[in-house]
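Enquirer: below: sequence and its predicted model.
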Amino acid sequence: MKLTDYIIDRLFSVVMFLVAVIFSMGLLWLMGLRYEFIIYIEIIFGFSFLAAFVWDYTRKKKYYCGFMALFDGLDDKTLLAELAEKPGFLEGKLLYQILRLSNKYMNDKLAEAGATNQEYREYIEMWVHEIKTPITSAHLIIENDKNISTIRIDDELNKIDHFVEQALFYARSTTLEKDFKIEKTTLKTLVQEALKSYSKQIIEAHGRLVFENLDIPVFADRKWCVFIIGQIIVNSVKYAKENLILTFEGSSFDNGCSLSISDNGIGISEADIPRIFDKGFTGENGRKFGKSTGIGLYLCWKLCRKMNMEISVASSLEHGTTVKIMFPKENLYSWQ
């Protein structure tokens with residue numbers, strides 16, 4: 001709070017005081033008071049006004065500076081109304097009351113939105129479990145009556161199953177902390193579990209798997225990590241050239257370890273790399289082949305961020321793509 005701003009805000013009061021001083025001096029002079037007495041009286045008036053002016057400015061500056069310091073120091077700005085002190089001047093009290101009422105209104109709306117989102121998530125989870133039943137039944141029917149047509153239908157069912165699974169994990173990703181279990185495992189275990197779900201697609205892509213240094217222990221949630229690795233495998237298969245080579249390589253370092261998943265596919269253009277984790281971004285490959293939803297990698301990035309893990313992509317057109325997942329040491333997870 002600058003003094004110049006305060007003076008400008010009180011400019012009308014200052015002008016009116018000066019007018020009153022001039023008017024009172026003239027009135028006292030007309031009443032026949034000596035010039036010295038008039039000067040003394042006006043000095044007293046002026047000093048009183050100045051003292052009140054300085055006192056009012058000082059207390060308001062102290063309050064507002066403390067208010068801004070509190071605001072800047074809070075990570076959760078919604079706590080401002082709860083932690084701010086009630087001021088001792090009228091306009092401050094009014095603003096304080098408005099802030100408290102606004103905060104209450106915001107909390108009520110957040111609670112309402114939270115309840116709506118929870119209801120939506122529960123519906124999605126119920127829908128996913130319900131839709132999986134006929135998909136499983138259809139797989140069994142096809143298994144007992146295999147021909148060219150049913151095999152093609154089975155391929156499409158696998159795609160539907162993948163998207164349904166993706167929808168379930170997307171719905172759960174907003175409340176990951178409620179469905180999270182850290183346990184000691186290895187990179188090899190995570191990779192093997194992810195590969196189980198996509199073995200058929202890898203075989204159809206004439207894929208060859210390469211494993212390097214995967215016996216590295218990690219502390220992670222197996223279910224979520226397996227899902228992330230699975231999404232990367234799906235992309236490698238989806239954009240594979242002939243004779244897919246999929247390499248899984250582990251590396252250790254002081255603060256944790258990493259898992260690199262590399263393929264020899266069509267690669268990603270350099271212009272698309274900065275936006276590869278944006279929600280809904282399909283890039284040049286998505287537009288060219290029409291196979292992308294722009295959700296898979298976004299979901300991987302979102303889940304990694306929530307589990308305090310890092311994910312990055314390096315790629316070269318016609319030479320393949322490498323996705324690296326960084327695991328922190330032990331279970332140093334911070335919810336965001």
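Expert: Received the coordinates, thanks. Numbers count the residues shown, from 1 in each chain.

Enquirer: how many residues are close by Asn103?
Expert: Neighbourhood size, Asn103 [other C-beta atoms under 10 Å]: 16. C-beta coordinates here come from the backbone N, C-alpha and C atoms, glycine included.

Enquirer: again with Arg10
Expert: Residues within reach of Arg10, counting by other C-beta under 10 Å, total 14.

Enquirer: the nearest residue to it once chain neighbours are set aside: how many residues sit nearby?
Expert: Nearest residue to Arg10, sequence neighbours excluded (C-beta to C-beta, 6 or more residues apart in numbering): Phe53, at 7.3 Å. Neighbour count of Phe53, defined by other C-beta under 10 Å: 16.

Enquirer: before we move on, what about Ser102?
Expert: Count around Ser102 with other C-beta under 10 Å applied: 11.

Enquirer: doesn't Thr78 make contact with it?
Expert: No. Under the criterion of C-beta atoms under 8 Å, Ser102 is not in contact with Thr78, lying 10.5 Å apart.

Enquirer: in the protein, what residue spans correspond to helices?
Expert: 3-9, 11-30, 35-73, 80-83, 90-143, 148-172, 187-197, 199-204, 222-238, 283-289, 296-306 (DSSP state H).

Enquirer: tell me the domain ranges of the protein?
Expert: 3-105, 183-328 (automatic domain parsing).

Enquirer: looking at these, which one is packed in the most?
Expert: Stretch with highest mean neighbour count among these: domain 183-328 (a mean of 18; mean count of other C-beta atoms under 10 Å).

Enquirer: chain center to that domain: distance?
Expert: Here the centre of domain 183-328 is set off from its chain's centre by 21 Å, with C-alpha atoms, centre = their mean, to the nearest Å.

Enquirer: one step back: mind putting the domains of the chain into TSV with distance to Ile124 and mean pLDDT?
Expert: Output for those, formatted as TSV (distance: least, C-beta to C-beta, whole Å; pLDDT from 0 to 100):
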stretch	distance to Ile124	mean pLDDT
domain 3-105	27	83
domain 183-328	14	88
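
Enquirer: could you dump those domains to CSV with distance to Ile131?
Expert: Shown next, in CSV, are the domains of the chain (distance: least, C-beta to C-beta, whole Å):
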stretch, distance to Ile131
domain 3-105, 38
domain 183-328, 17
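
Enquirer: closest one to His129 among these?
Expert: Closest approach to His129 among these is made by domain 183-328 (15.6 Å; C-beta to C-beta).

Enquirer: so which of the domains of the chain gets nearest Val128?
Expert: Ranking the domains of the chain by proximity to Val128 (C-beta to C-beta) places domain 183-328 first, at 13.4 Å.

Enquirer: what distance separates the start and the end of that closest one?
Expert: 13 Å (C-alpha to C-alpha, to the nearest Å).

Enquirer: how much space between Asp263 and Leu195?
Expert: Going from Asp263 to Leu195 by C-beta to C-beta, to the nearest Å gives 14 Å.

Enquirer: actually Asn235, not the one I typed
Expert: In terms of C-beta to C-beta, Asn235 sits 14 Å off from Leu195.

Enquirer: same deal with Leu33?
Expert: Distance from Leu33 to Leu195, counting by C-beta to C-beta: 103 Å.

Enquirer: what do you get for Ile203?
Expert: According to C-beta to C-beta, Ile203 and Leu195 sit 11 Å apart.

Enquirer: do the same with Gly26
Expert: Taking C-beta to C-beta, one finds Gly26 at 98 Å from Leu195.

Enquirer: and if you look at Val164?
Expert: If you go by C-beta to C-beta, the gap between Val164 and Leu195 works out to 20 Å.

Enquirer: give me the phi and psi for Leu74.
Expert: Backbone dihedrals for Leu74, given as degrees, to the nearest 10, come out at phi -90, psi 130.

Enquirer: contacting residues around it?
Expert: Contact analysis of Leu74 by C-beta atoms under 8 Å, 6 or more residues apart in numbering lists Leu80, Leu83.

Enquirer: and if we set it to 10 Å?
Expert: Leu80, Leu83, Ala84 (C-beta atoms under 10 Å, 6 or more residues apart in numbering).

Enquirer: make sure the first one is actually in contact with Gly66.
Expert: No. Counting by C-beta atoms under 10 Å, Leu80 stays clear of Gly66, with 12.0 Å between them.

Enquirer: sorry, back to before: my read: the residue nearest to Arg10 touches Val14, true?
Expert: Yes. The criterion here is C-beta under 10 Å, and Phe53 meets it with Val14 at 8.1 Å.

Enquirer: perfect, that will be all.
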